[in-house]
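In: quick one, structure for this:
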Amino acid sequence: MNWVGTLWPMISAASLTLALVYWLARVRGPARLSHLLIAVAAASVAAVGLLELAAMNTQHPADYARMVRWAHVPVATSAICVVGFVFHHYGVGSPLLAALAVATRAACLLPNFFSGANLNYSTIESIRPVLFLGARVSIPDVATPNPWMLLGSANALLVAMFIGHAIFQLSTRRRSPERTRAIATCTAILAFAAASGTWTWLVVHGRIDAPMLFAPMFLGVLLAMAYTLAGGFGSAGRLAHSLEFALGRRRAARRHMLQAMDAARVGFWSFDGDSGRVRLSHHACTLFGIPPQDALAGEALLARLPRRDRPLLAAAATRERGELHCEFRVRLGEGRHRWLAAHGRRAPGETDRRLEGVLVDITDRKEAESRFRRVVEAASAPHLVVAPSGRVAFANRAAAGLFGHRLDALAGMDVRQLIRPEGDSGTTPGARQYGWLPSAAIGSSVAVSGLRKDGAALVPLVALFNPIPFQSDLFLLVSLRDLRGNYGGGEATLQHDDAAHLSRVSMVETLSGSLAHELNQPLAAILANAQAARRFLDGPVPDLDEVRASLAAIAESDVRAAEIIKRMRALLRKDTSEFAPFDVGAAIGEVAGMLRGDLLIREVDLQLDLHEPLPPAWGDPIQIQQVVLNLVMNACDAMRQRPPPRHVTVRATGEDDAIRVTVEDRGSGVGAGDLERIFEPFHTSKREGLGLGLSVCRTILLAHQGEIWAESEGAGRGAAVSFRLPTAQRLQAQQTDAAVAADATRARAPGQALPGQG
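Out: Numbers count the residues shown, from 1 in each chain. Here you go, the predicted model:
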């Protein structure tokens with residue numbers, strides 16, 4: 001067992017405890033010089049213990065010499081305090097010997113700092129480890145004793161003579177318990193001082209291989225002195241142990257709490273209802289955007305909130321009992337806000353009305369929820385977002401028109417007031433979370449009936465239920481299709497069309513800045529050419545050739561701007577999928593043109609490797625463009641932390657009767673365990689992402705009878721996402737074969753057995 005690592009910290013802790021006890025005794029009781037001398041001596045012994053422990057753990061001779069040099073300062077302080085304690089408290093001892101002992105001890109500090117390595121050694125050339133009390137400690141190996149150590153020996157002799165003279169004077173006094181205790185104390189001081197001096201001399205002169213032991217020796221001196229004042233050092237020892245144990249547990253608990261707070265990035269706060277003061281931890285101050293401070297008035301904290309958020313927090317904080325849960329914004333300046341969630345609790349029967357809790361930054365969650373809300377509201381198909389309780393959280397205008405309600409009236413309605421399974425009488429119970437759902441698994445489409453406000457006939461609908469993380473819970477996104485005008489849509493078409501459109505709206509929002517930047521270029525060119533044409537016409541001799549050139553440039557810029565707007569409209573439109581043969585290379589080229597401005601801003605070089613000629617593919621070109629757009633944007637995001645140049649490659653090749661498209665990047669890569677998970681809904685590594693992009697891509701490709709997969713050599717080595725589409729020739733051949741088989745079946749005589757039937 002390592003006793004060094006256990007005993008020396010305990011010695012320092014016990015000494016500090018004694019120092020605290022006798023300092024408090026001096027402050028709260030009569031101002032006795034004896035208490036002050038013991039407190040200072042105890043603090044000095046604690047310092048010596050820490051310096052001795054540091055010296056035993058050093059690896060370099062210079063560090064060892066420095067620790068011993070500085071240890072002589074508290075050694076001198078404790079020796080002077082011992083002499084002063086005996087002389088003042090007992091009133092014995094020679095004043096001359098006391099003065100000489102104090103003077104020589106103080107004089108020892110001069111050669112300690114200005115002669116050699118320290119008072120004990122002139123030089124320390126090397127140190128070596130030795131085994132001591134179960135631990136390896138450092139001691140001098142090649143070292144030269146300092147001649148000035150004789151001054152220290154002379155001081156030790158003077159102290160011993162002073163204590164001996166004091167014992168002699170005490171022995172001449174009348175017998176009493178106080179005299180006996182005083183003689184025992186002085187004898188113990190003399191014994192410990194002699195043992196310390198002898199041990200130090202033996203260590204310095206290499207007679208024994210061990211470290212300095214001033215702190216353990218002088219702890220005995222402290223206990224002897226404390227025994228005199230406290231009537232016995234047993235009770236002082238128990239007090240020191242109890243205090244040290246309590247302080248240790250408190251330090252450990254505080255350390256663990258701070259570590260957990262830093263790891264979770266959570267701020268702690270407390271509110272005193274009587275004084276109206278709020279105390280904040282360091283991280284809580286950071287969340288509020290204020291400098292770290294111990295406490296501040298509640299009104300000053302509320303001033304950091306927007307006006308409409310203040311009553312919510314103030315009302316929650318002034319509740320008499322119970323729990324506090326609220327979300328609010330904090331102003332950060334320049335129009336920026338941070339969303340915080342406050343959670344707190346007040347124990348029942350709390351007399352000081354103190355409320356304590358935590359603060360959590362939920363800005364990312366709120367921004368993601370806001371983006372999701374905008375995507376739902378922009379969709380042309382009816383959508384409901386439903387809480388786990390079955391209440392509608394919000395809906396879009398299409399849903400309000402479908403059910404005949406005002407948009408704000410839909411919020412808070414029970415979803416059973418709007419839809420029910422076909423044939424249901426309306427009494428479906430909601431016994432548990434999502435118990436109101438029709439008898440179908442979440443994630444599938446089912447036939448339901450819609451209930452209009454005006455009481456008209458039930459509306460036949462198809463509903464698609466998908467779980468959505470929202471407001472720290474799992475809500476449901478209910479996508480609806482009115483079947484009265486579209487009976488042949490089918491479940492698969494509803495699922496991938498709605499999901500694809502929602503994702504496209506979100507993508508256009510993400511690209512809005514770069515699209516605006518790209519539109520500015522042709523518009524600026526149109527303005528510049530128009531101004532140039534006017535100058536050519538206003539000249540003394542109109543330059544008609546230059547005017548014609550300017551007008552041609554205006555026409556070209558106009559066509560370019562129109563193409564940009566056309567691409568945005570194609571992305572945003574909500575049409576039923578129309579599958580037909582299309583040119584994959586041309587579709588990829590249009591995506592590259594759409595992304596030109598955004599790629600310039602991101603400093604990304606997009607390289608197209610299109611193996612011509614590619615056979616026509618079969619499908620919806622707009623949706624395939626969305627897949628390519630999503631993959632390229634993901635590749636750019638993966639290289640966000642990489643310095644330029646950044647390269648993304650889009651490669652398209654023909655494979656038998658299919659076309660393979662691969663998007664490669666040199667970004668952060670994907671772990672082996674996540675190559676499949678990245679296509680799952682809501683799985684994302686981007687702070688601002690919803691985790692729907694790759695899931696929608698897979699849905700689109702499955703509807704096109706294609707497939708998608710990812711490859712990566714590991715985190716930090718880039719990634720490649722590929723998808724495969726069937727060619728138009730292959731699908732047309734499959735359709736021809738199916739038609740031939742159907743004709744053969746119809747031509748077969750009634751009752752004729754099919755092949756394989758018997």
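In: for the stretch 601-750 of the chain, what spans make up the helices?
Out: 621-638, 693-703, 728-747 (DSSP state H, counting those that start in this stretch).
In: can you point out the buried residues in the second one?
Out: Judged by neighbour count using 16 or more other Cβ atoms under 10 Å, the buried positions of helix 693-703 are 693-701, 703. Every C-beta, even on glycine, is put in place using the N, C-alpha and C of the backbone.
In: helices and strands around it, which ones?
Out: If contacts are counted by 3 or more Cβ pairs under 8 Å, 6 or more residues apart in numbering; DSSP states H and E, helix 693-703 sits against helix 491-538, helix 621-638, strand 707-712, strand 719-726.
In: what do you get if the cut-off is 6 Å, keeping everything else the same?
Out: For helix 693-703, the elements it packs on are helix 491-538, helix 621-638, strand 707-712, judged by 3 or more Cβ pairs under 6 Å, 6 or more residues apart in numbering; DSSP states H and E.
In: next one: Arg698 from Leu527, what distance?
Out: Between Arg698 and Leu527 the distance is 44 Å, computed by Cβ to Cβ, to the nearest Å.
In: ok, back up a step: and which of the buried residues of helix 693-703 is nearest Phe132?
Out: Nearest to Phe132 out of the buried residues of helix 693-703 is Leu694 (Cβ to Cβ; 63.2 Å).
In: so that closest one makes contact with Ile678?
Out: Yes. Between Leu694 and Ile678 there is a contact under Cβ atoms under 6 Å: 5.4 Å.
In: residue contacts, Ser78?
Out: Neighbouring residues of Ser78 by Cβ atoms under 6 Å, 6 or more residues apart in numbering: 41, 44-45, 218.
In: where does it land in three-state SS?
Out: Using DSSP: H, G, I helix; E, B strand; the rest coil, the structure places Ser78 in helix.
In: so where's the stretch 351-500 of the chain uncertain?
Out: Where the stretch 351-500 of the chain drops to pLDDT under 70, the residues are 351-353, 422-445, 455-457, 467, 469, 471-474, 484-500.
In: for the stretch 151-300 of the chain, which segments count as strands?
Out: Under the criterion DSSP state E, counting those that start in this stretch, the stretch 151-300 of the chain contains strands at 267-272, 277-280, 295-297.
In: hey, C-alpha coordinates of the second one in CSV?
Out: Taking Å, rounded to 0.1, in the frame of the first residue of the first chain, the C-alpha atoms of strand 277-280 are listed here in CSV:
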residue,chain,number,x,y,z
ARG,A,277,-32.0,37.2,-6.3
VAL,A,278,-30.9,34.6,-8.9
ARG,A,279,-27.6,32.7,-8.6
LEU,A,280,-26.2,31.2,-11.8
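In: which helices and strands does it pack with?
Out: Looks like strand 277-280 contacts strand 267-272, strand 295-297 (3+ Cβ pairs under 6 Å, 6+ apart).
In: looking at those strands, which is nearest to Ala379?
Out: Closest to Ala379 of the helices and strands packed on strand 277-280 is strand 267-272 (Cβ to Cβ; 37.5 Å).
In: just checking, what packs against the closest one?
Out: Of the remaining helices and strands, those touching strand 267-272 by 3+ Cβ pairs under 6 Å, 6+ apart are strand 277-280, helix 282-288, strand 354-361.
In: which strands border that strand, and is each parallel or antiparallel?
Out: When pairs are called by DSSP bridges, strand 267-272 turns out to pair with strand 277-280 (antiparallel), strand 354-361 (antiparallel).
In: what's the first one in contact with?
Out: When you say that, I think you mean strand 277-280. By Cβ under 6 Å, 6+ apart, strand 277-280 touches 269-271, 295-296, 298, 301.
In: from the chain's centroid, how far away is that strand?
Out: Mean C-alpha position of strand 277-280 versus that of the full chain (Cα atoms, centre = their mean, to the nearest Å) differs by 23 Å.
In: show me what the mean pLDDT comes to for it.
Out: Per-residue pLDDT values across strand 277-280 average out to 81.
In: just stretch 709-721 next, same as before
Out: 81.
In: centre of the chain versus it, how much separation?
Out: How far stretch 709-721 lies from its chain's middle: 25 Å, per Cα atoms, centre = their mean.
In: with just CA atoms, put it into CSV.
Out: The C-alpha coordinates for stretch 709-721 follow below in CSV (Å, rounded to 0.1, in the frame of the first residue of the first chain):
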residue,chain,number,x,y,z
TRP,A,709,-26.2,2.4,-51.0
ALA,A,710,-23.1,4.0,-49.4
GLU,A,711,-19.5,3.0,-49.3
SER,A,712,-16.7,4.5,-47.1
GLU,A,713,-13.3,3.4,-45.9
GLY,A,714,-14.0,4.8,-42.4
ALA,A,715,-14.4,8.1,-40.6
GLY,A,716,-12.2,10.9,-42.0
ARG,A,717,-11.6,9.1,-45.4
GLY,A,718,-14.4,10.4,-47.5
ALA,A,719,-17.5,8.6,-48.7
ALA,A,720,-19.3,7.5,-51.9
VAL,A,721,-23.1,7.2,-52.3
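In: okay, buried residues for that stretch please.
Out: Using 16+ other Cβ under 10 Å as the test for burial, stretch 709-721 gives 710, 712, 718-721.
In: quick one on the thing from earlier: in a markdown table: the helices and strands packed on strand 277-280, plus mean pLDDT.
Out: Shown next, in a markdown table, are the helices and strands packed on strand 277-280 (pLDDT from 0 to 100):
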| stretch | mean pLDDT |
| --- | --- |
| strand 267-272 | 78 |
| strand 295-297 | 77 |
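In: what's the closest of these to Leu551?
Out: That would be strand 267-272 among these, by Cβ to Cβ, at 63.4 Å.
In: need the helices and strands packed on strand 267-272 in JSON lines with distance to Met594 and mean neighbour count, can you?
Out: Converted to JSON lines, these look like this (distance: least, Cβ to Cβ, whole Å; neighbours: other Cβ atoms under 10 Å):
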{"stretch": "strand 277-280", "distance to Met594": "48", "mean neighbour count": "19"}
{"stretch": "helix 282-288", "distance to Met594": "39", "mean neighbour count": "19"}
{"stretch": "strand 354-361", "distance to Met594": "35", "mean neighbour count": "19"}
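In: can you lay out the ones you listed as CSV showing distance to Leu7?
Out: Converted to CSV, the helices and strands packed on strand 267-272 look like this (distance: least, Cβ to Cβ, whole Å):
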stretch, distance to Leu7
strand 277-280, 38
helix 282-288, 35
strand 354-361, 39
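In: wait, which of the ones you listed is closest to Arg128?
Out: Taking these one by one with Cβ to Cβ, helix 282-288 is closest: 44.1 Å.
In: elements contacting the closest one?
Out: strand 267-272, strand 354-361.
In: pretty sure Pro211 sits against Val137.
Out: Yes. Using Cβ under 6 Å, Pro211 makes contact with Val137 at a distance of 5.2 Å.
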